[in-house]
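1. coordinates for the following, if possible.
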Amino acid sequence: MSKNVIIVGGGIIGMCSAYYLQKEGHQVTLLDQSNFSKGASYVNAGIITPSHIISLAAPGMINKGIKWMFSSTSPFSIKPRVDLDFIKWSWLFKKASTQQKVETSIPIIKDINLFSKELYEEMQNSNEFDFFYKDKGLLMHYQTDKAGEEEWKVGQRAIKEGLKVENLTKEEVQKLEPEVDLNIKGAVYYHSDAHMSPNEFMQQLKLYLENKGVQFIANEEVIDFTTSNNTISSIITKNQQISADEFVIATGSWTQKLSKKLGAKIPLQAGKGYRINVTKETGIKIPAILMEAKVAVTPMDGYTRFAGTMEIAGINEDINLKRVQTIANASKNYYNGLTIDKEAIENTQSGLRPCSPDGLPYIGKLSNLKNVTVATGHAMMGWSLGPATGKLVSEIISNKKTSLNIHPFSVERYH
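-> Numbers count the residues shown, from 1 in each chain. Sure thing, here's the model as predicted:
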């Protein structure tokens, strides 16, 4: 049965939800507070990451965050503030940071990543798009034995999960990357990963959806909802009131504020990251994570992107140039001869990633409002999990059996 669906949030999650919902024959309207051209969906590293099987809420992360708290150059920082939502989230994050919880979430994270990768490949092979997509894996470059040993433990765990992983010497890595001079001891190579150019894909997807009759409403902020009989009947924006049969909340880091208006408790914190685009040829061919520096490096269509930091500091998109410079310096430390000019630094952009306390996204219905589906909390895997989340959202709204068990992603797991 065709339904009229409003999706609030025009990032990768909202867009992919629109893609699969229109395929099911629903009438879709996408609404966003910006103009569908900025945010985390545009500034991320563009890597599809089945390799990222360890959730952000790993043992020791809170201690690292506290240790790095006052450093303006640390890769992960938690900025303390007197804010009840932040205090609750920190407590839940600490509770989730146990070996047992991380172990339980490994197959869940791996399966949804692999499913999403299949869906990206399906889109690429559908003749509906012509986007940059390379299936070259991911190199975890390390400069110290300690980092190498830690990552190889993760690699061995990934092998148990059926992924192909190799521990390579520096010489073996240089054979894969002959055009760069690497300052590393070696790398753990995950063959499972792929990479894309986010801006290009988002533009193509928007154009495709417009051609399929999906309505786009830009620069429109939702300020409230009208509800009756356990359903939302309409959303109220600054300029209008819009009715629909079903509503999807895919508002990323802004979800917690919006969900309170729906009587839902969805713990979430914004994790800020930065990206630097280098248009000069770098010779880098395979995406990498610079282990000690926690910087992601992705060769995209016409440029190389250097992205990094996870800064839990509330909703603000301010750019801290010290952090940006740290990303640039770290990158030059791993790639001898790499130049990142002043202009690239000045054109840095930031994005906010919505982080749940346990590192798993929220995907599913609210129990008190039967026509609301929430899709958020993907942290650093938003790009990777876009299609999988969109497909699950469309299955939920179409009353179909979901492709994956969505119980681990329960929106009300903290109620």
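2. what does stretch 208-217 contact?
-> 10, 15, 18-19, 22, 27-32, 36, 128-129, 206, 242 (C-beta atoms under 8 Å, 6 or more residues apart in numbering). Every residue, glycine included, has its C-beta placed from N, CA and C.
3. and that stretch, which residues are buried?
-> By neighbour count on 16 or more other C-beta atoms under 10 Å, the buried set for stretch 208-217 is Tyr208, Leu209, Val214, Phe216, Ile217.
4. which residue is the nearest non-sequential neighbour of the third one?
-> In other words, Val214. Val28 (4.7 Å; C-beta to C-beta, 6 or more residues apart in numbering).
5. show me what the helix or strand that contains the one you found is packed up against.
-> In the assignment (DSSP states H and E), Val28 maps to strand 27-31. Packing partners of strand 27-31 (3 or more C-beta pairs under 8 Å, 6 or more residues apart in numbering; DSSP states H and E): strand 4-8, helix 12-23, strand 215-217.
6. strand partners of the shortest one, parallel vs antiparallel please.
-> Same thing as strand 215-217. The strands beside strand 215-217 in its sheet (DSSP bridges) come out as strand 27-31 (parallel).
7. chain center to the very next helix or strand once past the partner strand, what's the gap?
-> From strand 27-31 onward toward the C-terminus, using DSSP H and E, the following helix or strand is helix 40-43. The chain centroid and the centroid of helix 40-43 are separated by 9 Å under C-alpha atoms, centre = their mean, to the nearest Å.
8. go on, stretch 309-328?
-> For stretch 309-328, the distance to the chain centre is 17 Å (C-alpha atoms, centre = their mean).
9. any idea how far apart the tips of it sit?
-> Distance between the boundary residues of stretch 309-328 (C-alpha to C-alpha, to the nearest Å) amounts to 12 Å.
10. got the contact list for Glu151?
-> Met140, Tyr142, Val188, Met291.
11. and these, which of them are in strands?
-> Of the contacts of Glu151, the ones assigned to strands by DSSP state E are Met140, Tyr142, Val188.
12. which residues touch the nearest residue to Gly351 once chain neighbours are set aside?
-> Leaving aside its sequence neighbours, Gly351 sits nearest to Ala40 (C-beta to C-beta, 6+ apart; 3.4 Å). Contact partners of Ala40, counting by C-beta under 8 Å, 6+ apart, are Gly11, Gly252, Ser253, Gly273, Gly351, Leu352, Arg353, Gly382.
13. let's go with 7 Å and repeat that
-> By C-beta atoms under 7 Å, 6 or more residues apart in numbering, the contact list for Ala40 reads Gly11, Gly252, Gly351, Leu352, Arg353, Gly382.
14. go on, Asp135?
-> Per C-beta under 7 Å, 6+ apart, neighbours of Asp135: Ala194.
15. wait, doesn't Gly252 sit right on Gly10?
-> No. With contacts counted by C-beta atoms under 7 Å, Gly252 stays clear of Gly10, the gap being 9.9 Å.
16. which SS state does Ile184 fall under?
-> Taken by DSSP: H, G, I helix; E, B strand; the rest coil, the conformation at Ile184 corresponds to coil.
17. related to what we said a few turns ago, what's the farthest-apart pair in the contacts of stretch 208-217?
-> Across the contacts of stretch 208-217, no pair lies farther apart than Phe129 and Ile242, at 28.7 Å, counting by C-beta to C-beta.
18. tally of neighbours for Glu103?
-> 11 (other C-beta atoms under 10 Å).
19. try Asp245
-> 17.
20. Gln241 too?
-> Gln241, neighbours per other C-beta under 10 Å, totals 12.
21. partners of it in the sheet?
-> Ile236.
22. ok, Pro354 next?
-> Beta-bridge partners for Pro354, by DSSP bridges, are Ala270.
23. show me the contacts for it.
-> By C-beta under 7 Å, 6+ apart, Pro354 lies in contact with Gly252, Ser253, Thr255, Leu268, Ala270, Thr376, Gly377, His378, Ala379.
24. give me the subset of these lying in strands.
-> Ala270, Thr376.
25. ok, so of the contacts of Pro354, who is nearest Trp89?
-> In terms of C-beta to C-beta, no member of the contacts of Pro354 lies closer to Trp89 than Leu268, at 7.1 Å.
26. that closest one touches Gln256, doesn't it?
-> Yes. Leu268 is within contact range of Gln256, at 4.3 Å (criterion: C-beta under 7 Å).
27. right, I'll leave it there.
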